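In: using only what follows, build the 3D model:
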Amino acid sequence: MQSRNIGKVGIIWNTIGTVFATLVSVVLLMVASRLTSPAVADTFSFSFTVAQQLYVVGLFGVGSINQRYLKE
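Out: Numbers count the residues shown, from 1 in each chain. From the prediction side, this is the model:
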């Protein structure tokens, strides 16, 4: 019973973290586009997008490992 509650809380915190990460990326891209030239903003947005994708690839499988340890 306790592990189910921990799993639900983990899902909620994961969702909150994802929402805030998305908001931060939107704000950073808006600030970069307003304060810099279009060429610099394009470079920043491309680099930031690639970094976000590599972050997701780096986390691949980490959630399943955490869920396995919650069951123990």
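
In: any buried residues in the host helix or strand of Thr43, and which?
Out: Here Thr43, judged by DSSP states H and E, is contained in helix 38-58. Within helix 38-58, the residues that qualify as buried are 41, 44, counting by 16 or more other C-beta atoms under 10 Å. For glycine as for every other residue, the C-beta is placed from the backbone atoms N, C-alpha and C.

In: that one - contacts with which helices or strands?
Out: Contacting helix 38-58 under the criterion 3 or more C-beta pairs under 8 Å, 6 or more residues apart in numbering; DSSP states H and E are the following elements: helix 2-35.

In: the helix it packs on - what's its average pLDDT?
Out: Here helix 2-35 scores 83 as its mean pLDDT.

In: next, the angle helix 38-58 makes with it.
Out: Inter-element angle recorded for helix 2-35 and helix 38-58: 170 degrees (by axes from the mean of the first three to the mean of the last three C-alpha atoms, to 10 degrees).

In: just the buried positions in helix 2-35, please.
Out: Residues of helix 2-35 classed as buried: Ala32 (neighbour count, 16+ other C-beta under 10 Å).

In: what's it packed up against?
Out: In this structure, helix 2-35 packs against helix 38-58, helix 62-70, with contacts taken as 3+ C-beta pairs under 8 Å, 6+ apart.

In: same list, those, but as a markdown table with distance to Val24 and mean pLDDT please.
Out: Below are the helices and strands packed on helix 2-35 laid out as a markdown table (distance: least, C-beta to C-beta, whole Å; pLDDT from 0 to 100):
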| stretch | distance to Val24 | mean pLDDT |
| --- | --- | --- |
| helix 38-58 | 10 | 90 |
| helix 62-70 | 20 | 60 |
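
In: quick one: which of those helices is nearest Asn5?
Out: helix 62-70 (10.3 Å; C-beta to C-beta).

In: hmm, who's touching the helix holding Thr43?
Out: 25, 28-29, 32-33, 36 (C-beta atoms under 8 Å, 6 or more residues apart in numbering).
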